[in-house]
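Colleague: here is a sequence together with a model predicted from it:
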Amino acid sequence: MIRYINGYGLENVLRDYSSIAQLLYFLICFSQPILLPLPEALTISAGSAVFGPYIASILGFTGTLLGIIVMYFIAKTGGQKLVSKLVKDKHLAKYQEYVGKNETIILVILFIIPVLPDEIICVGAGIGGVSFRRFLLIATISKVITAFLLAFSVHFATIASLSRFQLMLVGVAIIAIVYAITLVTKKYLIKGRKNPSNEK
């Protein structure tokens, strides 16, 4: 499935299966935080190109949030033994390294900026003792931001009548900016975790 989507392109897949495209898109977004390691930027952008920003953002947000909730409870009820079969220990260790004491704000940052996959964040929060109410609030705010931002960025690019080449340049620039922010955020999180003053 992953190879097919990556090779053929999610946008093309959705157009080919137009009769069930919205359901398929919703299920892909739902599966992302559980077992489908596709970047949110890829799925939401493809959905926006096919359905428009409003439908793509609403379906993308709803599907992703439901998947996040399911993954949280899988980790919460399954415990460390089940978690070890779903995610790599090194990824979970990174989550624990990043979070530290400032758990709420760090969770928001991790959900918005692609430092770690969503499934790692859900698992870390589930076995780390984060209450469901707080986790749901954090996930909801974060995914509203990412879903609508990603969906409408494609829409604005279309309105601006950018050529394919210009759109590609904008995409490369956005990826470069996100990558730079990701690197800086990683360094900040690790530095903050190692700094004894943050532990007080």
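Modeller: That came in fine, so what should we check first?
Colleague: correct me, but residue 109 touches residue 115?
Modeller: Yes - counting by C-beta atoms under 8 Å, residue 109 does reach residue 115; the two are 7.4 Å apart. For the C-beta atoms, the positions are set from N, CA and C on the backbone; glycine is no exception.
Colleague: from residue 35, how far out is residue 53?
Modeller: Distance from residue 53 to residue 35, counting by C-beta to C-beta, to the nearest Å: 27 Å.
Colleague: which one of the two is surrounded by more residues?
Modeller: residue 53 (22 against 12; other C-beta atoms under 10 Å).
Colleague: verify the stated contact: the more buried one with residue 152.
Modeller: Yes - with contact defined as C-beta under 8 Å, residue 53 reaches residue 152; the gap is 4.6 Å.
Colleague: using CSV, write out every CA atom in stretch 116-130.
Modeller: C-alpha atoms of stretch 116-130 as CSV (Å, rounded to 0.1, in the frame of the first residue of the first chain):
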residue,chain,number,x,y,z
LEU,A,116,8.8,12.6,15.4
PRO,A,117,6.0,10.6,13.8
ASP,A,118,2.6,11.0,15.4
GLU,A,119,2.5,7.4,16.4
ILE,A,120,5.6,7.8,18.6
ILE,A,121,4.0,10.9,20.3
CYS,A,122,0.8,9.0,20.9
VAL,A,123,2.6,6.0,22.3
GLY,A,124,4.9,8.1,24.5
ALA,A,125,1.9,10.0,25.9
GLY,A,126,-0.1,6.9,26.4
ILE,A,127,2.5,5.0,28.5
GLY,A,128,3.9,8.2,30.0
GLY,A,129,0.8,9.0,32.1
VAL,A,130,-0.5,12.0,30.2
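Colleague: quick check: chain neighbours aside, which residue is closest to residue 124?
Modeller: Take residue 124 and drop its neighbours on the chain: the residue closest to it by C-beta to C-beta, 6 or more residues apart in numbering is residue 95, 3.7 Å away.
Colleague: residues touching the one you found, list them.
Modeller: 110, 116, 120, 121, 123, 124 (C-beta atoms under 8 Å, 6 or more residues apart in numbering).
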